[in-house]
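Participant: Need coordinates for the following:
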Amino acid sequence: MTSPQVLPGRIFVAGHRGLAGSAILRELEQRGYRNIVTASRDELDLTDARRVADFFSVQRPEVVFLAAARVGGILANNTYPAEFIHQNLSIQSNVIDAAYRHGVRKLLFLGSSCIYPKHAPQPMREEYLLEGAFEPTNEAYAIAKIAGIKMCAAYNRQYGTDFMCVMPTNLYGRGDNYDLQNSHVLPALLRKAHEAKVMAAPYFDVWGSGTPRREFMHADDLASACIFLMENFKAGQVGEFINIGTGSDISIAELASAVARTVGFAGRVRFDPTMPDGPQRKLLDVSRLSELGWRSSIDLATGLKDAYADFLTRVGDGSRNQSPAGALGR
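Facilitator: Here you go, the predicted structure:
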């Protein structure tokens, strides 16, 4: 196990209750880090620049993991683009600038694989950024995340900061959002399959044709990669940003079948091709990360079992919501 003294001083995990942030917090604690600072939304509104500056002035973190964001799937991104771009730009700008002004030694900013062009070659390499048009359904979110990348790069160049950017693939795992109105595809499928099983339904519905291919990574894997990079490298060593993923993908139809098996649902999966598919394929090229010495270790079957156990613990059979799987959460 890596020495808990590798990262210096106090560590602020922004967004510690979200999927990625909670996984980073767990991984830090498992590695022996104890001097960790967190703040709930009620305690600290990251869209409020003055409150963020005051927080940094009092807490004096030396390391920051910026995992806080307004996130969601196709429906939410397409329905609330103004909120997605405004809130994410505000959070990023406030935290990154406060980190510089209060002497933070290392920062890691979490972006998203949706930054890449809609028709980017597959798998997507870091150099494909801004080489084509965005996927229209998540353009606002993608632009906000790209702004975060460029802001870190600008501060590194002008001020000599060590602000690293990582681009995770689609995440799932403990602490996920299972609300069908605003969740991503994998947790939405878990909930739909579970509720179909409980109600002895003959099928459950899935948006789209089922043919698009996506890459899915357990949040604990992401946390491992983030801390590996922060402990062993500086921003200049990994480039403007670096992809984090598993290096393999699966069709939505295959995913739905895998979820049904995990849940124990024996009925059919029914696809609705009148609903949007999004890009036909999204797979990250993770060769740069592999060359640095890190690879994913949680396979999908194992990860789905862990995610379903989390769902049963946190949601179970309560408050069914039969709305279409979509997207709005943090």
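Participant: ok, and for the helix or strand hosting residue 147, which residues are buried?
Facilitator: Taking DSSP states H and E as the criterion, residue 147 maps to helix 139-159. For helix 139-159, a neighbour-count test (16 or more other CB atoms under 10 Å) marks 139-149, 151-153, 155-156 as buried. Backbone N, C-alpha and C define where each C-beta goes, glycine included.
Participant: for that helix, packing partners?
Facilitator: helix 81-101, strand 106-110, strand 163-168, helix 235-238 (3 or more CB pairs under 8 Å, 6 or more residues apart in numbering; DSSP states H and E).
Participant: what's the spacing between residue 167 and residue 44?
Facilitator: The gap separating residue 167 from residue 44 is 25 Å, by CB to CB, to the nearest Å.
Participant: Hmm, residue 301 is touching residue 257, no?
Facilitator: No. If you go by CB atoms under 8 Å, residue 301 and residue 257 don't touch, sitting 11.8 Å apart.
Participant: ok, those two, which is more surrounded?
Facilitator: residue 257 (17 against 10; other CB atoms under 10 Å).
Participant: Could you count how many residues lie near the residue lying closest to that one once chain neighbours are set aside?
Facilitator: Of all residues not flanking residue 257 in the chain, residue 269 sits nearest, at 6.5 Å (CB to CB, 6 or more residues apart in numbering). Residues near residue 269, counting by other CB under 10 Å, number 21.
Participant: One more: the one 3 residues further on?
Facilitator: When neighbours are defined as other CB under 10 Å, residue 272 has 12 of them.
Participant: cool, residue 230 as well?
Facilitator: When neighbours are counted by other CB under 10 Å, residue 230 registers 24.
Participant: got a list of what it touches?
Facilitator: Residues near residue 230 by CB atoms under 8 Å, 6 or more residues apart in numbering: 7, 63, 65, 106, 108, 164.
Participant: if we can go back for a sec, for the buried residues of helix 139-159, which one is nearest residue 206?
Facilitator: When the buried residues of helix 139-159 are compared for distance to residue 206 (CB to CB), residue 141 wins out at 22.3 Å.
Participant: got the contact list for that closest one?
Facilitator: 70-71, 77, 81, 84-85, 88, 112, 114.
Participant: what helix or strand does residue 271 sit in?
Facilitator: Going by DSSP H and E, residue 271 is in strand 268-272.
Participant: what does that strand contact?
Facilitator: 202-210, 253, 256-257, 260.
Participant: Out of those residues, flag the one nearest to residue 92.
Facilitator: Looking across the contacts of strand 268-272 and measuring by CB to CB, the closest to residue 92 is residue 207, at 29.3 Å.
Participant: I'd like to know how many residues surround that closest one.
Facilitator: 23.
Participant: any idea how far the nearest residue to it once chain neighbours are set aside is from residue 71?
Facilitator: The shortest distance from residue 207 to any non-neighbouring residue, by CB to CB, 6+ apart, is to residue 275 (4.0 Å). According to CB to CB, residue 275 stands 20 Å off from residue 71.
Participant: now do residue 302
Facilitator: Relative to residue 71, and taking CB to CB, residue 302 is found at 24 Å.
Participant: neighbour count winner among those two?
Facilitator: Of the pair residue 302 and residue 71, residue 71 is the one with more neighbours under other CB under 10 Å, namely 26 against 11.
Participant: State the distance from that one to residue 180.
Facilitator: Shown here: residue 71 relative to residue 180, a distance of 16 Å by CB to CB.
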